[in-house]
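S.K.: please work out how this folds:
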Amino acid sequence: MRRSMIPILVALFYVTSLGAAPGPNSSESRNTKNRADVTRPVPVSKRQVRRHKPYQIGTASWYGKQFEGKPTATGEPYDMHEFTAAHMTLPLGTWVKVTNLRNGNWVVVRINDRGPVVPGRIIDLSYGAARMLNFKARGLTRVRLDIIHPDTLAFAEPMAGLP
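M.R.: Coordinates of the predicted model:
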């Protein structure tokens with residue numbers, strides 16, 4: 001008798017578990033046409049999106065081992081692994097977001113030196129910054145410079161972003 005009950009119980013279990021999904025309860029509305037959909041994105045016109053103009057766009061180079069330990073314009077010794085840079089006109093101590101326009105990688109550097117001395121280049125990056133931007137083997141790349149204002153800088157540590 002027990003053996004004949006097992007298939008019946010199994011069949012009963014499957015039949016009861018195949019029930020339909022429950023409908024809305026009394027607190028849910030059946031009419032969704034009048035309800036505002038909060039998950040729908042709000043269309044934004046191109047005029048509403050405010051893009052910041054870059055400070056500068058141009059060619060960047062990097063410098064490394066040959067300057068290691070030599071004093072920079074700020075007086076501190078050059079460390080090729082720090083995220084620092086040389087710029088001709090930006091005030092020393094300025095934080096700059098440098099974006100590699102070839103691959104989208106970016107890094108925030110501190111201006112601590114003067115340069116570049118080669119005409120046509122806008123910034124000389126440290127070896128560490130060039131490495132983060134993934135152009136150290138190439139030597140030169142087109143970059144975008146954006147000034148980082150101190151009130152937007154969360155902390156005074158080197159930062160980098162990779163896509």
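
S.K.: low-confidence regions, the protein specifically.
M.R.: Residues of the chain meeting the criterion pLDDT under 70: 1-51, 151-163.

S.K.: run the last query once more with 50
M.R.: Where the chain drops to pLDDT under 50, the residues are 15, 20, 28, 32, 36-38, 49, 156.

S.K.: what sits against Thr84?
M.R.: Thr72, Tyr78, Val109, Arg110, Ile111, Asn112, Asp113, Leu125, Ser126, Ala129 (Cβ atoms under 8 Å, 6 or more residues apart in numbering). Using the backbone N, CA and C atoms, a C-beta is placed for each residue, glycine as well.

S.K.: brain fart, Tyr55
M.R.: Contacts for Tyr55 (Cβ under 8 Å, 6+ apart) come out as Val96, Leu145, Asp146, Ile147.

S.K.: work out for me the element the last one sits within.
M.R.: Which is Ile147. strand 140-148 (DSSP states H and E).

S.K.: okay, now the sheet partners of that strand, with direction.
M.R.: Pairing partners of strand 140-148, with direction, according to DSSP bridges: strand 56-63 (antiparallel), strand 95-100 (antiparallel).

S.K.: in strands, which of the contacts of Thr84 appear?
M.R.: Val109, Arg110, Ile111, Asn112, Asp113, Leu125, Ser126 (DSSP state E).

S.K.: quick one: those as JSON lines, columns for distance to Thr59 and neighbour count too.
M.R.: Below are the ones in strands among the contacts of Thr84 laid out as JSON lines (distance: Cβ to Cβ, whole Å; neighbours: other Cβ atoms under 10 Å):
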{"residue": "Val109", "distance to Thr59": "16", "neighbour count": "28"}
{"residue": "Arg110", "distance to Thr59": "20", "neighbour count": "20"}
{"residue": "Ile111", "distance to Thr59": "17", "neighbour count": "23"}
{"residue": "Asn112", "distance to Thr59": "20", "neighbour count": "21"}
{"residue": "Asp113", "distance to Thr59": "17", "neighbour count": "22"}
{"residue": "Leu125", "distance to Thr59": "11", "neighbour count": "29"}
{"residue": "Ser126", "distance to Thr59": "16", "neighbour count": "28"}
